[in-house]
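>>> Coordinates for the following, if possible.
(one chain, ligands or ions: 1)
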Amino acid sequence: MPIDIERARRETPGCETTLHFNNAGAALMPDAVLDATIGHLRREAEIGGYLAENRAAAQIDGMYCSAARLINCRPDEIAFVENATRAWDMAFYALDFKPGDRILTATAEYASNYIAYLQVAAKTGAVVEAIANDETGQLSVAALEDAIDDRVKLISVTHVPTNGGLVNPAAAIGRVARAAGVPFLLDACQSVGQLPIDVEEIGCDMLSATGRKYLRGPRGTGFLYVRRAMLDRLEPPFLDLRAATWVAPDRFEMRDDARRFENWESYVAGRVGLGVAIDYALGWGLADIRDRIYALADALRERLEALPGVTVHDTGAERCGIVSFAIDGVEAAEAERRLVAQGINAASSSVFSTRLDMEARSVPTLMRASVHYYNTDDEIERFCAAVDALR
Ligand SMILES: Cc1ncc(COP(=O)(O)O)c(C=O)c1O
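Model prediction:
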């Protein structure tokens, strides 16, 4: 069913004042998320954080069920983590790499992930290899298949990169991983909440997500999915008394579910808010959200392409809600500053977030406009007029 845009905007207070095309940075929270998060903080102030957490037990439990429903897994395969990077780290650093082990990744890999590969490679003697793209600009599944041998220890790919509309072919990558019996870690930070994600269909064993982007949750929230069958092949890099129990002076036992990747102390109001954000997204329907976002992004690309001096840089066979472009004679960071000064939120990306991809395409910086379902055609017109006036 098409999204009821008027309702979506009515329920999003930020729409009244801001033209927000930075949804891949942090989307605007709807009232329901805002009310739940602030409501919990207020309760903490009134009765103390511990009691407030006890009283919210059902909502907190509900967050795991909602996340499980969102990506088609079991609630005990979900860990709440404070952001996507730490969620991803908890899975990646839990693997035991040996000299010569190969980590296969994508060209459009996110900087924090790549820094972790380099760190682990330097420490362990593992090697990291970025698989080439195909002619559309997405990871080449054929090249990935060709790269498989018995030294491949991990396939780890960013689904939607930070700097553009590319959607890497996660399910096809998953089929290669499964056929080879290699664990598959998917960075779904920018795709969760934007398009339907089904871990069974994709075939990933671990997946990281954040709350504040397309899910429209509060900042400081995220989650990690770990497939049950994978749990005992991972040694969490940190354990505390939530992740494990000190059962004898010289012995501990780890939890037997994905919460062994969590911390005891955490942002409880954020957990509550994240659960509401996921339910809110499920209420609209992820396929409808994706259809609306993709249609808006296509319209934005078309309008930007028509502007003199503007070049759209998105690649891939499937293109999502992130629109990347360059403006002749106007540096991206400068364009971002001037747009924000007019109440128009967009972002810039640099080589520091996706070095391999930006270098391969010789684009040191790009503008990034990322739309959500509550954006409108009128906002696209206003945005393009403002971009046109920058030159
Ligand atoms: C592709 C990708 N992965 C991971 C992250 C990190 O997410 P977080 O800031 O929630 O740790 C980002 C953030 O922009 C990203 O774009």
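
>>> from here on, contacts and neighbour counts on C-alpha atoms
Will do.

>>> near the ligand, which residues of the stretch 101-250 of the chain?
Within the stretch 101-250 of the chain, the positions lying close to the ligand (Cα under 6 Å from any ligand atom) are Y110, T158, V160, P161, T162, D187, C189, Q190, T210.

>>> hmm, which of the residues you listed are the buried ones?
With burial judged by 16 or more other Cα atoms under 10 Å, the buried subset of these is Y110, T158, V160, P161, T162, D187, C189, Q190, T210.

>>> Quick one: the strands in the stretch 201-350 of the chain, in order.
Ranges of strands in the stretch 201-350 of the chain, per DSSP state E, counting those that start in this stretch, are 206-210, 222-226, 244-248, 251-254, 310-312, 322-327, 344-345, 347-350.

>>> quick one, what contacts V272?
When the contact criterion is Cα atoms under 8 Å, 6 or more residues apart in numbering, the partners of V272 are A36, T37, H40, A56, Q59, I60, M63.

>>> Pull the number of nearby residues for the second one.
Read it as T37. By the other Cα atoms under 10 Å criterion, the neighbourhood of T37 contains 23 residues.

>>> same thing with the first one?
Residue neighbour count, defined by other Cα under 10 Å, stands at 21 for A36.

>>> avg pLDDT for whichever strand or helix holds A91?
Assessed by DSSP states H and E, A91 sits inside helix 84-92. Model confidence over helix 84-92 averages 98 on the pLDDT scale.

>>> That one near the ligand anywhere?
Yes - contact of helix 84-92 with the ligand is found when judged by Cα under 6 Å from any ligand atom, involving A84, T85.

>>> Let me see the ranges of the strands in the stretch 1-150 of the chain.
Ranges of strands within the stretch 1-150 of the chain are 19-20, 78-81, 102-106, 127-131, based on DSSP E, counting those that start in this stretch.

>>> Let's have the ones you listed in TSV, adding distance to A116.
Written out in TSV, the entries for those read as follows (distance: least, Cα to Cα, whole Å):
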stretch	distance to A116
strand 19-20	32
strand 78-81	18
strand 102-106	11
strand 127-131	10
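
>>> Please identify the most buried of those strands.
For the strands of the stretch 1-150 of the chain, ranked by mean neighbour count under the definition mean count of other Cα atoms under 10 Å, the leader is strand 78-81 at a mean of 27.

>>> That strand pairs with which strands?
Within its sheet, and counting by DSSP bridges, strand 78-81 is paired with strand 222-226 (antiparallel).

>>> returning to what we had before: distance between the helix holding A91 and the chain's centre?
On the basis of Cα atoms, centre = their mean, to the nearest Å, helix 84-92 is displaced by 11 Å from the centre of the chain it belongs to.

>>> what packs against it?
Packed against helix 84-92, as judged by 3 or more Cα pairs under 8 Å, 6 or more residues apart in numbering; DSSP states H and E, are the following elements: helix 111-124, strand 184-187, strand 206-210, strand 222-226.

>>> Now that helix - C-alpha only, PDB.
In PDB, the C-alpha atoms belonging to helix 84-92 read as follows (Å, rounded to 0.1, in the frame of the first residue of the first chain):
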ATOM      1  CA  ALA A  84      26.600  -0.300  14.200                       C
ATOM      2  CA  THR A  85      30.400  -0.100  14.400                       C
ATOM      3  CA  ARG A  86      30.600  -1.700  17.800                       C
ATOM      4  CA  ALA A  87      28.000  -4.300  16.800                       C
ATOM      5  CA  TRP A  88      30.100  -5.200  13.700                       C
ATOM      6  CA  ASP A  89      33.300  -5.100  15.900                       C
ATOM      7  CA  MET A  90      31.900  -7.600  18.300                       C
ATOM      8  CA  ALA A  91      31.400 -10.100  15.500                       C
ATOM      9  CA  PHE A  92      34.500  -9.400  13.600                       C
END
